[in-house]
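1. Based on what follows, work out the 3D shape:
(2 chains)
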Amino acid sequence: MKAMKTSWADEVDADYVDGLPPDKVHTDGNFKYVTEYKFNEEGKKVKVVRTYEYKKQTVPKVVARRRNWLKFGDSIDDKPGPCAQTTMVSEEVHMVFLSSKELEQANEPQMEPGKKMAKCRICNGEHWSVNCPYKGTSMDSKTLMESKATAAAAAAVSDTSKTGKYVSPFLKEGGCAINGINGSTGGKPWDRERSTVRISNLSESMTEADLEELVKSIGPYSKLYLAREKSTGLCKGFAYVHFKFRQDAAAAIEILNGHGYDHLILSVEWSKPQP
Amino acid sequence: MRPLMLQGHERSITQIKYNREGDLLFSCSKDQKPNVWYSLNGERLGTYDGHQGAVWCLDVDWESRKLITGAGDMTTKLWDVEYGTIIASIPTKSSVRTSNFSFSGNQAAYSTDKAMGQNCELFIIDVRNADSSLADQTPTLRIPMTESKITSMQWGPLDETIITGHDNGNIAIWDVRKGQKVVDSGSDHAAGINDMQLSKDGTMFVTASRDTTAKLFDSESLMCLKTYKTERPVNSAAISPILDHVVLGGGQDAMEVTTTSTKAGKFDSRFFHLIYEEEFARLKGHFGPINSLAFHPDGKSYASGGEDGFVRVQTFDSTYFENIFE
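-> Numbering: from 1, shown residues only, chains lettered A, B, ... in the order given. Now for the predicted structure:
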C-alpha cells in the first residue's frame, strides 16, 4: 500500500539508471528493434535504435549445431547476436571495375583535385619549370624569344627613336659615358661596329655546345668563347659571343639577360673593351 | 556492399582463415588472443586466451573441432574450437611462424623461426589423440631447414607432401615419409613468400611475395603458371573457389605506412583474372596494408585482415558476378 502518491514524472525517473531510460527490445515480425540510451562524448543523451532482420537460412547440420555454441573467452558475457563493440557495419563501399584504359589511369599518381598544378614557364606544361624536359634546349630560348620579341624589336629600334624605355648606354645615340672615360676612339663611339656580348653567371657545367644551343636561335655568330678554368676545365662562369650583326647582339641582351638557365639567372651585357 | 567490420584485435592482423563450411572465421593478430567469429553476421563467438606473444599463424581442422596456433611466445597450441580451451601446448626453441593441419586432420605441421641461435625447423606431429601429453612427445618428423626460413606452408595432396615457401623466395616440396626435399622451384620469386593458398581442388596454389608479384604454381611440379604484377609488396593472395579470380592484398611496408596517405598507399584488395593475369577490379576499405585474405568457401564473400587491426568481411554484390571479363 502506498503511503503517498508520487507524481508520474518521479516514478518514471526512478526507473532510470544514471538518468537514462532502460534499454528496450521490440520485435515486429521479422524485425527486431533494440533501443538504447547513452551519453555521447559531449555528455548529451543519445538514443540509439538498431534494427535487426531475422532471416531463415538452411545450413548443414554441423553448422546449425555450431550456431548454438556458447560464447567463451572475452565474449563470454556478450548477449546473443552481434555485439556492438566488436562488430560494426562499415560504410558502403563499391567495387571499382577497371577496364584496361582505366587501369592505366588508376596507376598514375593521383592529384588533389582542388590543388592546381604548377605551370611551366618554358613549355606551358603542367609541371614546374625546373622539371621541364625542354629546359635548356632551343625551345627554352625560343618561347622566351616569342615573349620578348616585341621588346627586343623595340630595343633595336630605340637606337634611333627616343622612347620612354630604358636603353643601355652603349646603345644610345651619340656615344656614352664609358666612351668618354675610356676616351679610346675620340668622340666616335668605340663600340659602334662591335657586336660582342658577355654572358655571365653561367654554371660550372656549361659547355660550348650548350652555349651554341643557347645563342644560335638568336642569330648568326662568328665566334664563341667560353672561359674555362685551366686546371679543372670547368666553366669559369662567363662567356663571350661575337654576333655577326649588331641587332642580334642587342636582341641577345634583351632576351637572355635575366633568363634562367640551369639553376642560375644569366646576366648578359655588351662586352667592355680591354683597357 | 556494406562490409562487416570486426574489431576484436588490438594490433595488426597476422592471419585469417575460414573453416571448411565457412560459417566460422578465425583471426589471429599480434596481440595474444586469436578470435573466432560467425562469418554470417560478424558475431564474435569467443577468444582463445592463453598465448603470451604475437600469434603468427592459425589453422582449423576440417571438422572444426581443433585449432592450431603458433606464436612468438615459443609455443604452438592446440585448442578446442567449441570451448576455447587449450588441448596441448607444445614448447619450441624459437617463435612459431607457420602451422597447418593436414587435410585429414590426423597430422599437423608447424615451423619455427631462425632466431636466437636456432635454425628454422619443420615439425610434424600426430594429433589424432591429442591431449596435454603431446608437449612431451617427440614429433613424428623433424626437418631442419638449412637454407632459408619457412614463411608459409601448405599440405600437399593426400597428406603425402608439404609445400613450403621460404624467406629467400624459394618454394620446395617435402616428402613427409622420407623427410626429404622432392621438388625445388628455384628462384621464381626474387623476395620472400608471405603467403600461399591452395585452389579449391588443391592442384594449384597462389603465392604472395615481397617482390611485388603473386604467382600461380602447379602443386605437384612447382611450375610457375601465371604471374600477377603489382607495385607494392603482396602480403596475401587467395583463389576464388567458384570463379577464375584471384584476390591480392598488400600495400607498402608497415614501417612506411605512417608517411603515406591512404589514397597513395594502395591498400585496396585487387582482383585479378586467374588466367588472363589482368586486374579487373579493386575494393577499398582498409587504412593499412592488408596482411591476410581468405575467400569464403562458397565464393560469395571474402574476408581481409589488415595492419590496421580490422577484419572486414565483404559480401559480393550482384555486379561482381555479372561483370564479364573483357
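2. Specify the residue ranges that define each domain of chain A.
-> Taking automatic domain parsing as the reference, chain A has its domains at A:8-75, A:133-270.
3. how long is the last one from one end to the other?
-> Read it as domain A:133-270. Using Cα to Cα, to the nearest Å, the end-to-end distance of domain A:133-270 comes out at 31 Å.
4. ok, for the one residue in chain B that gets nearest to chain A, nearest residue in space, not its chain neighbours?
-> Closest contact between chain B and chain A, by Cβ to the nearest Cβ, is at B:T47 (3.2 Å). Backbone N, C-alpha and C define where each C-beta goes, glycine included. Nearest residue to B:T47 in three dimensions, chain neighbours excluded: A:G73, at 3.2 Å (Cβ to Cβ, 6 or more residues apart in numbering or on different chains).
5. I figured the one you found hits B:G84, correct?
-> Yes. Here A:G73 reaches B:G84: they are 4.9 Å apart, a contact under Cβ atoms under 8 Å.
6. Tell me which of these two has more neighbours.
-> Neighbours per residue (other Cβ atoms under 10 Å in any protein chain shown) separate A:G73 from B:G84, with B:G84 holding more: 25 against 20.
7. which one of the domains of chain A has the lowest average pLDDT?
-> If you rank these by mean pLDDT, domain A:133-270 sits at the bottom with a mean of 72.
8. From the opening residue of stretch A:254-267 to its closing one, how far?
-> Stretch A:254-267 end-to-end distance (Cα to Cα) = 10 Å.
9. rewinding a little: list the residues that contact both of A:G73 and B:G84?
-> Contact criterion Cβ atoms under 8 Å, 6 or more residues apart in numbering or on different chains; residues shared by A:G73 and B:G84: B:46-49.
10. With distance to B:N119 added, can I get those residues in CSV?
-> Shown next, in CSV, are those (distance: Cβ to Cβ, whole Å):
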residue, distance to B:N119
B:G46, 36
B:T47, 33
B:Y48, 29
B:D49, 31
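11. Those in strands, which ones?
-> B:46-47 (DSSP state E).
12. Of the shared contacts of A:G73 and B:G84, keep whichever come out buried.
-> B:46-48 (16 or more other Cβ atoms under 10 Å in any protein chain shown).
13. so what's the closest residue to B:N19 other than its chain neighbours up against?
-> Nearest non-adjacent residue to B:N19, counting by Cβ to Cβ, 6+ apart: B:S64, 4.3 Å away. By Cβ under 8 Å, 6+ apart, the residues touching B:S64 are A:62, A:66, B:19-21, B:24, B:81.
14. related to what we said a few turns ago, wait, doesn't the residue of chain B closest to chain A sit right on B:N35?
-> Yes. Between B:T47 and B:N35 there is a contact at 5.2 Å, judged by Cβ under 8 Å.
15. next one: phi and psi at the residue nearest to B:D73 when sequence neighbours are not counted?
-> Once flanking residues are discounted, B:D73 sits nearest to B:G53: 3.4 Å by Cβ to Cβ, 6+ apart. Note on B:G53: backbone dihedrals following degrees, to the nearest 10 are phi -150, psi 180.
16. count of neighbours near B:G53?
-> Neighbour number of B:G53 under other Cβ under 10 Å is 15.
17. which bits of the stretch 51-200 of chain B sit near chain A?
-> For the stretch 51-200 of chain B, the residues in contact with chain A (Cβ under 8 Å from any Cβ of the partner chain) are B:63-64, B:82-84.
18. Let's see which of the residues you listed end up in helices.
-> The helices, defined by DSSP state H, take in nothing from those.
19. so what does the host helix or strand of A:L226 touch, helix or strand wise?
-> Assigning secondary structure by DSSP states H and E places A:L226 in strand A:221-228. With contacts defined as 3 or more Cβ pairs under 8 Å, 6 or more residues apart in numbering or on different chains; DSSP states H and E, strand A:221-228 has these neighbours: helix A:208-215, strand A:235-243.
20. could you give the angle of that strand to strand A:235-243?
-> Interaxial angle, strand A:221-228 versus strand A:235-243 (axes from the mean of the first three to the mean of the last three Cα atoms, to 10 degrees): 170 degrees.
21. the inter-axis angle of strand A:221-228 versus helix A:208-215?
-> Calculated by the same axes, to 10 degrees, strand A:221-228 forms an angle of 130 degrees with helix A:208-215.
22. residue contacts, the residue lying closest to B:E231 once chain neighbours are set aside?
-> In space, not counting the residues next to it along the chain, B:E231 is nearest to B:T212; the distance is 6.1 Å by Cβ to Cβ, 6+ apart. Residues in contact with B:T212 (Cβ under 8 Å, 6+ apart) are B:229-234, B:250.
23. What of B:T138?
-> Counted by Cβ under 8 Å, 6+ apart, B:T138 has zero contacts.
24. Tell me, how many residues neighbour B:I86?
-> 17.
25. Is stretch B:294-305 positioned near chain A?
-> No. Figure legend: stretch B:294-305 not in contact with chain A (Cβ under 8 Å from any Cβ); closest approach 11.1 Å.
26. what does that stretch contact?
-> Here stretch B:294-305 has contacts from B:13-18, B:20-22, B:25, B:27, B:29, B:39, B:197, B:200, B:236, B:238-243, B:247, B:249, B:269, B:285-286, B:290-293, B:311-316, using Cβ under 8 Å, 6+ apart.
27. Just the buried subset of those residues, written out for PyMOL, thanks.
-> Buried members of the contacts of stretch B:294-305 can be picked out in PyMOL with the line below, counting by 16+ other Cβ under 10 Å:
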select buried, chain B and resi 13+14+15+16+17+18+20+21+22+25+27+29+39+197+236+238+239+240+241+243+247+249+269+285+286+290+291+292+293+311+312+313+314+316
